[in-house]
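1. Provide a 3D model corresponding to the input given below.
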Amino acid sequence: MKWMMVWMLLCSVGMMFGQSPDLTLYFESGDANPGAEARHRVEVAWGKADPADIVTVKIVGYCDSIGSMNSNMELSIRRATSISQVLKDLGVTVPIMTDGKGELMPVADNGTDQGKAQNRRAEVIFIRRPPVVVTTPPDTVKEVLEEVPEPETTGPLVFSEDAEVKAGQRLKLKNVNFVGGQAIPLPESEPTLKELVRFMKKHPTVKILIEGHVCCANDYNLSVARAKMVFKYLSKHGINEDRMYCKGYGNTRPLVRGFTEAANIMNRRVEVVVMEE
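-> Below is the predicted model:
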């Protein structure tokens with residue numbers, strides 16, 4: 001009966017998780033409290049993650065085979081809960097799910113001290129939001145480099161379909177945000193992109209410069225790729241490519257200073273400049 005339970009649990013866990021743990025932490029025998037080293041590792045792992053890309057954190061606790069199955073199940077849950085509290089103390093606000101598997105999911109032989117030590121653990125999984133797949137035509141994007149004069153601009157204004165059509169007006173595309181380190185837009189970007197299509201169709205003589213920006217490392221190529229993503233989206237939805245140019249600025253033009261997550265989200269953006277009315 002015990003091995004039947006193990007088999008069922010293996011199957012259910014395999015279906016539940018499509019990724020390996022981002023972090024594995026270990027505990028002393030019978031203990032559910034993470035030590036200073038474990039707390040530091042949690043802090044480092046979360047510091048390297050992009051919170052905008054994470055929808056849920058899943059923490060699963062485990063035990064060795066010392067003690068009864070009931071006591072081990074309870075201990076494994078307390079281990080998961082203790083790591084959850086460490087994340088909350090760091091200011092993590094995404095939902096955190098905790099679970100315990102007791103002694104039923106060993107990764108090593110419980111017949112040795114070394115194996116028991118490996119089984120006294122908690123696994124932390126950052127469940128990331130799926131990327132938005134944008135189907136685009138072949139790359140015919142015209143990239144604006146130094147030969148195009150820098151337009152005199154005003155703004156930025158937050159873009160809307162009824163935005164002012166004036167040469168030099170800079171328009172910030174609100175909520176056009178990206179997966180960290182990539183040019184893949186997040187789902188909340190779609191309404192603004194659709195509104196930009198309507199704006200371009202409403203004003204058929206307008207030409208625009210699409211500017212890409214990044215928040216952190218000065219990744220010029222990524223800023224260009226983000227501008228090109230918007231270019232391709234507009235092209236796919238019927239906007240003549242002769243009306244659009246794109247340019248990347250890396251992280252040289254932040255909207256706000258600082259390295260908080262709120263600042264990073266604001267600086268990881270795309271803006272549009274009206275070049276011709």
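2. roughly how far apart are the residue positioned nearest the centre of the chain and R128?
-> Using CA atoms, centre = their mean, the residue of the chain that lies closest to the mean C-alpha position is D53, 1.6 Å off. Applying CB to CB, to the nearest Å, the value for D53 to R128 is 5 Å. Every C-beta, even on glycine, is put in place using the N, C-alpha and C of the backbone.
3. next one: L90
-> For L90, the distance to R128 - CB to CB - is 18 Å.
4. okay, those two: which has more neighbours?
-> Set L90 next to R128 and count neighbours by other CB atoms under 10 Å: R128 wins out with 17 against 12.
5. mind listing the residues bridging to the more buried one?
-> Taking DSSP bridges as the rule, R128 bridges to I54.
6. pretty sure it contacts T56?
-> No - R128 is beyond contact range of T56, at 9.0 Å (criterion: CB atoms under 8 Å).
7. nearest residue to M275 in space, please, no chain neighbours.
-> In this structure, M275 finds its nearest non-sequential neighbour in K207, 4.7 Å apart by CB to CB, 6 or more residues apart in numbering.
8. tell me who's in contact with the one you found.
-> Contact partners of K207, counting by CB atoms under 8 Å, 6 or more residues apart in numbering, are 242-245, 274-276.
9. what subset of the residues you listed is buried?
-> 243-245, 274-275 (16 or more other CB atoms under 10 Å).
10. what does the biggest helix by length in the chain contact?
-> Across the chain, the longest stretch assigned as helix under DSSP state H is helix 69-89. Residues from elsewhere that reach helix 69-89, judged by CB under 8 Å, 6+ apart: 2, 25, 27, 30, 32-34, 38-39, 42-43, 46, 57, 59-67, 96, 98-104, 121-122, 124.
11. out of these, which end up buried?
-> Applying 16+ other CB under 10 Å to the contacts of helix 69-89 flags 25, 27, 32, 34, 38-39, 42, 46, 57, 59-65, 67, 96, 98, 100-104, 121-122, 124 as buried.
12. before we move on, the earlier item: in a markdown table, list the buried ones among the contacts of K207 along with pLDDT and distance to E188.
-> As requested, the buried ones among the contacts of K207 are exported to a markdown table (pLDDT from 0 to 100; distance: CB to CB, whole Å):
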| residue | pLDDT | distance to E188 |
| --- | --- | --- |
| R243 | 89 | 26 |
| M244 | 88 | 23 |
| Y245 | 87 | 26 |
| V274 | 84 | 24 |
| M275 | 81 | 27 |
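13. good, we can wrap up now.
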